[in-house]
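Colleague: Please work out how this folds:
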Amino acid sequence: MAAGNCTRPGERKIRVGVVGLGSDWESRRYPVLRTLADRLEVRAVCEQVRHRAEQAAAQLGADVVDGFRSLIAREDIEAVLMLAAQWYGPLPILAACDMGKAVYCGAGLELDLEEARNIKRRVQQAGIPFMAEFPRRYAPATLRLKELIATQLGSPRLLFCHLRSPWREHPQPNGERFHSGSPGDDLMEMVDWCRYLVAEEPSYVTGLMHSGSSDAEGEDYTMISLDFSPPDRPGVGPLAQISCGRYIPSGWEEAITYRPLADLQISSQHGIAFVDLPATLVWFDEAGRHLESLETERPVGERLLCQFYRLLTSAGCKSGDLEDAYRALYIVHQARRSHALGQRIRLDWEKAEAGCDSDPSEG
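Modeller: Numbering: from 1, shown residues only. Just a heads-up that it's a prediction; the model follows:
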């Protein structure tokens with residue numbers, strides 16, 4: 001997989017506005033936008049901290065706009081890059097729907113199911129291009145693993161997905177982001193990662209949550225089990241075990257990095273693989289051990305915005321991962337219900353689409 005350009009000769013620039021800069025603007029967002037300046041032209045920046053907005057606008061040769069509605073309404077803005085939720089939460093998405101502007105959602109939004117259903121409905125009614133940010137999907141190690149599943153490893157049987165993070169997030173040294181400040185965001189993305197690799201929908205979910213010693217800490221450990229078996233035959237299909245731990249204080253750097261588990265371990269029909277994000281993959285088959293380091297591949301942030309650019313310039317599906325984002329949120333919601341009820345829950349996707357919770361009687 002060569003690095004290459006994300007576009008074809010002759011394709012035009014897309015004029016975009018940035019809403020919210022986030023904590024990793026300097027380390028990740030700005031370098032990617034600078035790299036893709038021939039395809040994505042930033043015309044305006046809206047950020048609740050004025051001096052940060054001015055600095056970012058100066059870097060990009062863009063205007064500073066005080067409100068997200070004013071930014072989205074500008075005639076020279078074709079798409080919105082929502083990079084931080086800040087005080088306004090999902091409101092810029094709804095404003096973009098009203099004004100017919102495309103949305104790249106790289107912000108972690110704390111939504112309940114009803115809010116998510118409303119956003120999903122509004123985006124679909126508006127018919128705007130929409131992309132939710134799932135960095136794990138576009139990591140070089142993930143893309144290579146998908147190739148191996150199709151060619152050598154065979155279908156996944158067991159997946160063990162792990163995340164250990166501090167109470168408060170610090171940007172990673174290389175600028176990549178594979179977890180946000182919100183446990184819900186982490187869980188959604190890990191659920192989506194497993195769905196993406198198995199390429200099926202789970203039929204059952206079991207959740208277990210542990211709360212920290214104080215209300216301020218919230219959940220310090222969450223475990224979710226996804227059973228991808230047929231609804232009438234639980235336990236015979238692929239099984240994913242997801243664990244997310246936030247029990248180490250952010251200042252204990254040595255403890256956080258001590259003997260970390262692989263981000264993903266997967267047992268397939270013909271082999272076993274271990275993934276360390278973003279670019280390390282070790283896999284085993286009958287021939288032995290294979291180590292692949294993919295550090296020369298394009299950064300994940302660049303891949304994501306390249307995909308958004310293709311979404312805007314192609315005639316294909318405009319919001320396929322909107323459904324993926326909703327389903328991942330629905331699964332996390334059902335995992336919390338499973339914990340509260342103390343039993344496994346069967347996932348009924350027809351009821352999920354209709355806005356109804358599943359009947360947990362299958363526990």
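Colleague: Check which residues of stretch 55-69 are buried.
Modeller: By 16 or more other C-beta atoms under 10 Å, the buried positions in stretch 55-69 come out as 55-57, 60, 62-65, 68-69. (Each C-beta comes from the backbone N, C-alpha and C, glycine too.)
Colleague: Stretch 232-252 now?
Modeller: Judged by neighbour count using 16+ other C-beta under 10 Å, the buried positions of stretch 232-252 are 234, 237-248.
Colleague: Next, the distance between the ends of it.
Modeller: 46 Å (C-alpha to C-alpha, to the nearest Å).
Colleague: same question for that stretch, mean pLDDT?
Modeller: In this model, stretch 232-252 has an average pLDDT of 90.
Colleague: That stretch: how far from the chain's middle?
Modeller: How far stretch 232-252 lies from its chain's middle: 16 Å, per C-alpha atoms, centre = their mean, to the nearest Å.
Colleague: now swap in stretch 334-342 and tell me
Modeller: Stretch 334-342 has its average C-alpha position 23 Å from the chain's average C-alpha position, going by C-alpha atoms, centre = their mean.
Colleague: and which of the buried residues of stretch 55-69 is nearest to residue 99?
Modeller: Nearest to residue 99 out of the buried residues of stretch 55-69 is residue 69 (C-beta to C-beta; 8.6 Å).
Colleague: Name the surrounding residues that touch the helix or strand containing that closest one.
Modeller: Assessed by DSSP states H and E, residue 69 sits inside helix 68-73. Here helix 68-73 makes contact (C-beta atoms under 8 Å, 6 or more residues apart in numbering) with 17, 19, 44-46, 65, 77, 80, 88, 91-92, 95-96, 99, 101.
Colleague: Equivalent analysis for stretch 76-94, please.
Modeller: The contact list for stretch 76-94 (C-beta under 8 Å, 6+ apart) reads 14-23, 25, 29, 42-44, 47-48, 68, 71-72, 96, 101-111, 115, 119, 122-123, 129-130, 308, 312.
Colleague: which of the residues in it are buried?
Modeller: Going by neighbour count (16+ other C-beta under 10 Å), the buried part of stretch 76-94 is 77-86, 88, 90, 92-94.
Colleague: Would you mind writing the CA trace of it as CSV?
Modeller: The C-alpha coordinates for stretch 76-94 follow below in CSV (Å, rounded to 0.1, in the frame of the first residue of the first chain):
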residue,chain,number,x,y,z
ASP,A,76,-17.7,30.3,0.2
ILE,A,77,-18.1,27.3,2.6
GLU,A,78,-19.0,24.0,1.0
ALA,A,79,-18.2,21.7,3.9
VAL,A,80,-17.7,21.9,7.7
LEU,A,81,-14.9,20.2,9.6
MET,A,82,-16.2,19.8,13.1
LEU,A,83,-13.1,19.0,15.1
ALA,A,84,-14.3,19.7,18.7
ALA,A,85,-17.7,19.7,20.4
GLN,A,86,-17.1,22.6,22.8
TRP,A,87,-20.2,24.2,24.2
TYR,A,88,-22.5,23.7,21.2
GLY,A,89,-22.4,19.9,21.1
PRO,A,90,-24.2,18.6,17.9
LEU,A,91,-25.8,22.0,17.0
PRO,A,92,-23.3,22.6,14.0
ILE,A,93,-24.4,19.4,12.4
LEU,A,94,-28.1,20.5,12.6
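Colleague: Tell me which other helices or strands the least confident helix or strand in the chain by mean pLDDT touches.
Modeller: Least confident helix or strand of the chain, by mean pLDDT, DSSP states H and E, is helix 349-354 with a mean of 77. With contacts defined as 3 or more C-beta pairs under 8 Å, 6 or more residues apart in numbering; DSSP states H and E, the packing partners of helix 349-354 are helix 320-341.
Colleague: Cool, thanks, talk later.
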